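J.: Build the 3D model from these lines:
(one chain, ligands or ions: 1)
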Amino acid sequence: MTPSTGLDKVKTAVFISGKGSNLKSLIKFAKLKKSPISIDLIISNNTKSKGLLIGRFFKIKTKIYNFGNQEITEKKILILLKNEKINLICLAGFMKILSKRFIKNFQGQILNIHPSLLPKFKGLNTHERVLKNEEKYSGCTVHYVNAKLDSGKIILQKKVKVKKKDTVDTLAKRILVEEHKLYPRAILKIFNL
Ligand code: GRF
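T.: Predicted coordinates for the structure are as follows:
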C-alpha cells in the first residue's frame, strides 16, 4: 500500500470485540509522526467491549453493531466506511467472521492479528491447543484477510518460546506483549516503511 500524499495519513478503522489492548497500541502508534495511518473509526460487535472505552477516551468515533443479520449489518458498515473515507481495516480481537462479499469490497485492505504462528493453530482456543500439543514455540502473526479463516498472506510473525510452566494465561500474556509491537511493524512493512 502507499500512503496518499504528503501529510495525509491513510484513514483506518479498527474492528474489536473485547479488551482492545491491540487497539490501544495501534492508536498510540497512529499518533506517531512516522505512522502512515490514522485511526478514525472503531467498530465493535459487543456493547461490553472494553476497547470502546479506549476509543472514547481518545475521542475516536465508535460504532456498535450486533450482527443479528450479518448481511444487512455489513452493508451498513460498508456505507459507513465509505462515508468516513476509510481505506484500511485492522481486525484486532474481532470475533466475527466477515463475509466473502464484505472482504471483496476491501480486497487487500483488511489485516488481522492472530495469536499463533500461522498456518499452525488457526481459529479459536489457540494457546490451549499449543500447550496440549507440547509445542516448543508459539507466537503471533499479522496477515491479510481473505475469504478463508486465518489463511491470508502473512505479513509478519514473531516467535515466542513456550515455557514448561506456561498456562493459557501466562502464554497469552507473553504473546500479547509481542502482538502490540508486531501490528505496528506489520503496518510499516505494508507501506514499505
Ligand atoms: C489477541 O490475542 C488477538 O491476537 C486475538 O484476540 C486477542 C485480542 O486482544 N485475535 P485485545 O482485545 O487486542 O486485547
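
J.: Extract the CA atoms of stretch 141-150 and return them as CSV.
T.: Extracted in CSV, the C-alpha atoms of stretch 141-150 (Å, rounded to 0.1, in the frame of the first residue of the first chain):
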residue,chain,number,x,y,z
THR,A,141,1.0,-13.4,13.1
VAL,A,142,-0.2,-10.3,11.2
HIS,A,143,-1.8,-11.3,7.9
TYR,A,144,-4.0,-10.1,5.2
VAL,A,145,-7.6,-11.3,5.5
ASN,A,146,-9.1,-13.4,2.7
ALA,A,147,-12.2,-15.5,2.4
LYS,A,148,-10.6,-18.4,4.4
LEU,A,149,-10.3,-18.1,8.2
ASP,A,150,-6.7,-17.1,9.3
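
J.: Is it in proximity to the ligand?
T.: No: Stretch 141-150 lies out of reach of the ligand by C-beta under 6 Å from any ligand atom, never closer than 8.7 Å. Glycine gets a C-beta too; all of them are placed from N, C-alpha and C.

J.: Any residues of the protein in contact with the ligand? List them.
T.: So the chain meets the ligand at 16, 18-23, 51, 92-93, 113-115, 176, 179 (C-beta under 6 Å from any ligand atom).

J.: what helices or strands is whichever strand or helix holds L182 leaning on?
T.: Assessed by DSSP states H and E, L182 sits inside helix 168-190. Counting by 3 or more C-beta pairs under 8 Å, 6 or more residues apart in numbering; DSSP states H and E, the packing neighbours recorded for helix 168-190 are helix 21-30, strand 110-114, helix 126-132, strand 137-144, strand 154-161.

J.: Please repeat the previous calculation with a cut-off of 6 Å.
T.: Applying 3 or more C-beta pairs under 6 Å, 6 or more residues apart in numbering; DSSP states H and E, one finds that helix 168-190 contacts helix 21-30, helix 126-132, strand 137-144, strand 154-161.

J.: Ok, which of those comes nearest Q70?
T.: The minimum distance between Q70 and the helices and strands packed on helix 168-190 falls on strand 137-144, with 21.1 Å, by C-beta to C-beta.
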